[in-house]
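In: need coordinates for the following:
(one chain, ligands or ions: 1)
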Amino acid sequence: MAGFKDRDKRHFPLTDTSSVVKLFEDQLKGSNEPNLALLSITLGCIENALTLNRSVPSTDDSTLLRPIFPVVDLDTVEALYTKFETLVKGSVDLTKYPEEYSSRDLVKRISDVIWSSLSRSFKDKAHLQSLYSFLTGNKLDCFGVAFGVVAAAQLLGRNDIHLALSEDHAWVVFGEDGTDTAEVTWHGKGNEDKRGQSIALSVAEKSWLYLNGQPVICNRLMEVAAMVSAANPSISMTMDSIEMGALQQELLWLLYDESHLSKYPMALGNLGDLEEISPTPGRPPPLSLFQEAISSSVKNYANHHVYPYTYMGGYLYRKRRYKEAIKCWAEASNVIRKFNYTREDEEIYKEFLEIANELIPNIVKAVTLNTLDHEQLNLLYDPVVYGDILRFYDGICEWEEGSSTPVLHVGWAQHLTFSLNKFDPRTRAKIDVGKDEDEEDKKSDDEEDGEEVDGKKVVDNKGGVQDSENGKGKAAVQKDPLKVVVEEMKEV
Ligand SMILES: FC(F)(F)Cc1cc2c(N3CCN(c4nnc(C(F)(F)F)s4)CC3)ncnc2s1
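Out: Numbering: from 1, shown residues only. Sure thing, here's the model as predicted:
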């Protein structure tokens, strides 16, 4: 049972990064489970002081002289903790829920307690993810509501209620074998919240939003990792708090050393980004952290997570390692093709749109202009790179097939033809578009259309009409015009 114990109180007042790390270390390694409410209030208080309420004006040079790490007093944290405990224990009559394992009604009740306390103001600002924000401003973002429900559940002694995370949504699991699921927060803009419902129906849609049944299921320690990962050091669009970033980085390494990030690809990606900004001596470099994120997704989530590949691709792009970046984006596309695009998948749509319509064209332009660097120029003569770009687009086409919502539009084809036309025609002749035999395909082979001609899969290039039903009882998007464009171009 978590509670605000004397052993926790002795860490206060917190005066610098290392005192916060010691509090987290004690909570993570201590005999009983870490107190999510205590840690979230503390971390949120520090983030607030370092990003929103910076004690000194951010322009004058006095900041260079005086440290601005806030002193976190025990009575500040204790007052907010007591406020949360009073709200939660005062609103949930546990005698109504005598069962050993939590019921859907109890989960919905806890969600209602958090939900009904929220102010109506807009929720996609930064720094709304902690209980500090909830208790001082009645504001939480989508993640913050789900996290708050789990922290409240812990206060109520409901140790079967845990946080479930996809790459753009959060919900909870509960019950005897932890497989019951419930929506507890909203998602995106203009979508009715589905709080209280199980997520089984949404998973059936094969949408990226629910990772097709491969979300990160947290235990209490991974819930601490989620809280730390969700911390936000940004002060403005152009400035980050160095102190907050350093604290987040040190806490993530503490969690990493305790193996609490091993099944959490996004947290490994976040750590990789922080290491790029400010490398920690003696620690693995960003690329190996991104590789660990990829390996974790392959090992634990049947390679259904996209972000590990876009974390690595983005890093390689920034380092002007363009060939390897394009390889990562082809692997990201190899993941998304397993899903059907639904209207709540906008976030990942924007990710692929930026890669296709900005990053790859920028690379092709950069290597065309910079003809002095032969290493870069021969990218346009490299059949492997050309093949990876085709694989990148093919995955997006497959993502669209069978989806209720189209993905591609003519703008995509314009950028596609711009990028592909920059490649030398002889290079374009050299590649083989056959799919690897062992590749697990979204459709089973007998559904595969097109026939084999001398080992190359010839896709029906008349934009072959597929039957309107794709066996999933949904109107399927016709074979997309892009595939036709690519096929026709190869005959040029
Ligand atoms: F709970 C939700 F709804 F907020 C979904 C979650 C998001 C997220 C996250 N993110 C989101 C992805 N993210 C990325 N930053 N860069 C990314 C990449 F495009 F470079 F891959 S992805 C920042 C951190 N980092 C840790 N945990 C989580 S749980």
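In: how about the strands in the stretch 1-150 of the chain?
Out: Ranges of strands within the stretch 1-150 of the chain: none, based on DSSP state E, counting those that start in this stretch.
In: distance of residue 410 from the ligand?
Out: According to C-beta to the nearest ligand atom, to the nearest Å, residue 410 and the ligand sit 26 Å apart. For glycine as for every other residue, the C-beta is placed from the backbone atoms N, C-alpha and C.
In: actually residue 262, not the one I typed
Out: Residue 262 is 14 Å from the ligand, by C-beta to the nearest ligand atom.
In: centre of the chain to stretch 412-431, how far?
Out: Computed by C-alpha atoms, centre = their mean, to the nearest Å, the chain-centroid distance of stretch 412-431 equals 31 Å.
In: repeat that for stretch 206-222.
Out: Between the mean C-alpha point of stretch 206-222 and the mean C-alpha point of its chain there is a distance of 10 Å (C-alpha atoms, centre = their mean).
In: got the CA coordinates for it in CSV?
Out: Output in CSV follows, covering the C-alpha atoms of stretch 206-222 (Å, rounded to 0.1, in the frame of the first residue of the first chain):
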residue,chain,number,x,y,z
LYS,A,206,-6.4,-3.0,-36.9
SER,A,207,-5.7,0.7,-36.3
TRP,A,208,-2.2,2.0,-35.5
LEU,A,209,-3.8,3.9,-32.6
TYR,A,210,-4.3,0.7,-30.7
LEU,A,211,-1.2,-1.0,-32.1
ASN,A,212,-3.3,-4.0,-33.2
GLY,A,213,-3.2,-5.6,-29.8
GLN,A,214,0.5,-4.8,-29.1
PRO,A,215,0.5,-1.9,-26.6
VAL,A,216,2.9,-1.3,-23.8
ILE,A,217,1.4,-2.8,-20.6
CYS,A,218,3.0,-1.1,-17.6
ASN,A,219,3.7,-2.4,-14.1
ARG,A,220,4.2,0.2,-11.3
LEU,A,221,7.8,0.7,-12.2
MET,A,222,7.1,1.2,-15.9
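In: is that stretch in proximity to the ligand?
Out: No - using C-beta under 6 Å from any ligand atom as the criterion, no contacts between stretch 206-222 and the ligand are found, and the smallest distance is 7.4 Å.
In: what average pLDDT does that stretch get?
Out: Over the span of stretch 206-222, the pLDDT mean works out to 97.
In: and if you look at stretch 370-384?
Out: For stretch 370-384, the per-residue pLDDT values average out at 82.
In: residues of it that come out buried?
Out: For stretch 370-384, burial by neighbour count (16 or more other C-beta atoms under 10 Å) applies to 376, 379-380, 382-383.
In: now do the contacts for residue 232.
Out: When contacts are counted by C-beta atoms under 8 Å, 6 or more residues apart in numbering, residue 232 touches 47, 51, 126-127, 129, 244.
In: give me that answer again for 10 Å
Out: Applying C-beta atoms under 10 Å, 6 or more residues apart in numbering, one finds that residue 232 lies in contact with 47, 51, 126-130, 141, 240-241, 244-245, 248.
In: just residue 52 next, same as before
Out: Residue 52 makes contact with 125-127, 133, 137, 235, 241, according to C-beta under 10 Å, 6+ apart.
In: about what we covered before: farthest pair within the buried residues of stretch 370-384?
Out: Pairwise distances across the buried residues of stretch 370-384 peak at 16.4 Å for 376 and 383 (criterion: C-beta to C-beta).
In: which residues of the chain lie near the ligand?
Out: Applying C-beta under 6 Å from any ligand atom, we find that the chain lies next to the ligand at 142-143, 165, 168-170, 226, 229-230, 266-267, 269-270, 307, 310-311, 314, 351.
In: number of residues surrounding residue 335?
Out: 24 (other C-beta atoms under 10 Å).
In: element containing it?
Out: Per DSSP states H and E, residue 335 falls inside helix 322-336.
In: the helix or strand that that helix is followed by to helix 322-336, inter-axis angle?
Out: Going down the chain from helix 322-336, the next helix or strand is helix 346-354, by DSSP H and E. Interaxial angle of helix 346-354 relative to helix 322-336 (axes from the mean of the first three to the mean of the last three C-alpha atoms, to 10 degrees): 150 degrees.
In: what is the rounded mean pLDDT of helix 346-354?
Out: Over the span of helix 346-354, the pLDDT mean works out to 98.
In: who are the packing partners of it?
Out: For helix 346-354, the packing partners by 3 or more C-beta pairs under 10 Å, 6 or more residues apart in numbering; DSSP states H and E come out as helix 307-318, helix 322-336, helix 383-400, helix 410-421.
In: who's in contact with it?
Out: Against helix 346-354 from outside (C-beta under 10 Å, 6+ apart): 167-169, 187-189, 207-209, 306-307, 310, 313-314, 329, 332-333, 335-336, 339, 341, 343, 360, 392-393, 395-396, 399, 405, 407-409, 411-412, 415.
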